[in-house]
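# model this:
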Amino acid sequence: MKKLVAYITSSYPDSNFTIDLSHKLAEAGADYLELGVPFSDPVADGPVIEAANLKALQNGFKIEQLFKISKEIAPVINTLWMGYFNPFYHKGLDNFIKEAKKSGVKGFIIPDLPYEEALKYKPQIEQSKLSLIDFVAPTDSKERVSKIVKDAKEFIYMVAYAGITGSGKSEDLKELISNVKEYSNTPLFIGFGVNAKNAKEKVQDVDGVIVGSEFVKVLLENNLNHTQKIDKIASIAKEIKDKINS
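As a prediction, the model looks like this:
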């Protein structure tokens, strides 16, 4: 069974909405929730997710909301916190680890923490039985891929192209996929530019897809009320999960 990882921005438009949406995504077949930590400079993200980040911050987002939300949703769906390293560093990695353990969160996705720097923090995270998700990209050499994936936990995040989320570029990933599978049996999921139209094609040689901008676009639709947004996102998630397994 191919897996679906759904990214949403925490606390946008508010915390209760995030909790309700997370439950609906679980019902729709999402296997993991990538709960975005709003940040003012999300360098790996395109304009859609960046806009949601800024709106959440303008609404007064506090890290404590992330912790509170996670206690409600982590028992229902495998939850990972996706954020840039600044908040983890500023609030203290120890604090994030403690709160993740309390709520049942499975680990962290930190896209601006390169593998070499991540090595400083991985032991501390993994000693607490949490995962720090590893990234591979088309720009990585075979030698570098072998180092990155050899001890990968939970899943490996394959970036589909060099660039930002949601831009929909396309690159030949066959060699990268082959290199990853030579050195690791950890599930390999593809992210960046995945949507309902291309998910079936993207998932062919991997174990799952990571979808973000497709869902966050709906969060930003001002003509829909909260219930309509939740129903629409859940419907898209179900469509993607069905397609990648058909």
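# For the residue nearest the centre of the chain, give me its contacts.
The residue lying closest to the centre of the chain (C-alpha atoms, centre = their mean) is residue 34, at 3.7 Å. Remark: with contacts taken as C-beta atoms under 8 Å, 6 or more residues apart in numbering, residue 34 is in contact with 5, 6, 7, 8, 80, 82, 109, 210, 212. Quick note: C-beta positions are derived from backbone N, CA and C, even for glycine.
# is it true that the last one touches residue 193?
So the one you mean is residue 212. No. Applying C-beta atoms under 8 Å, one finds residue 212 not in contact with residue 193, separated by 9.7 Å.
# between these two, which one's more packed in?
More neighbours surround residue 212 than the other of residue 212 and residue 193, with 27 against 24 (other C-beta atoms under 10 Å).
# Output the below-cut-off pLDDT ranges for the protein.
Within the chain, the segments meeting pLDDT under 70 span 42-44, 162-170.
# one more time with 50, if that's ok
Low-confidence segments of the chain (pLDDT under 50): 167.
# Report the buried residues of the longest helix out of those in the chain.
When the chain is parsed with DSSP state H, its longest helix is helix 226-244. Under the neighbour-count criterion of 16 or more other C-beta atoms under 10 Å, helix 226-244 has 229-234, 236-238, 240-241, 243-244 buried.
# ok, and what's touching that helix?
2, 4, 6, 8, 13, 17, 20-21, 24-25, 27-30, 195-196, 199-200, 203, 208-209, 211, 214-215, 218-219, 221, 224.
# CA atoms only for it, dumped as PDB, please.
Only the C-alpha atoms of helix 226-244 are listed here, as PDB (Å, rounded to 0.1, in the frame of the first residue of the first chain):
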ATOM      1  CA  HIS A 226     -14.300  26.300   7.400                       C
ATOM      2  CA  THR A 227     -16.500  23.200   6.800                       C
ATOM      3  CA  GLN A 228     -16.200  23.600   3.100                       C
ATOM      4  CA  LYS A 229     -12.400  23.900   3.300                       C
ATOM      5  CA  ILE A 230     -12.100  20.800   5.400                       C
ATOM      6  CA  ASP A 231     -14.400  18.700   3.100                       C
ATOM      7  CA  LYS A 232     -12.600  19.900   0.000                       C
ATOM      8  CA  ILE A 233      -9.100  19.000   1.400                       C
ATOM      9  CA  ALA A 234     -10.300  15.600   2.700                       C
ATOM     10  CA  SER A 235     -11.800  14.900  -0.800                       C
ATOM     11  CA  ILE A 236      -8.500  15.700  -2.500                       C
ATOM     12  CA  ALA A 237      -6.600  13.500   0.000                       C
ATOM     13  CA  LYS A 238      -9.000  10.600  -0.700                       C
ATOM     14  CA  GLU A 239      -8.600  11.100  -4.400                       C
ATOM     15  CA  ILE A 240      -4.800  11.100  -4.200                       C
ATOM     16  CA  LYS A 241      -4.700   8.000  -1.900                       C
ATOM     17  CA  ASP A 242      -7.000   6.100  -4.200                       C
ATOM     18  CA  LYS A 243      -5.000   7.100  -7.300                       C
ATOM     19  CA  ILE A 244      -1.600   6.100  -5.900                       C
END
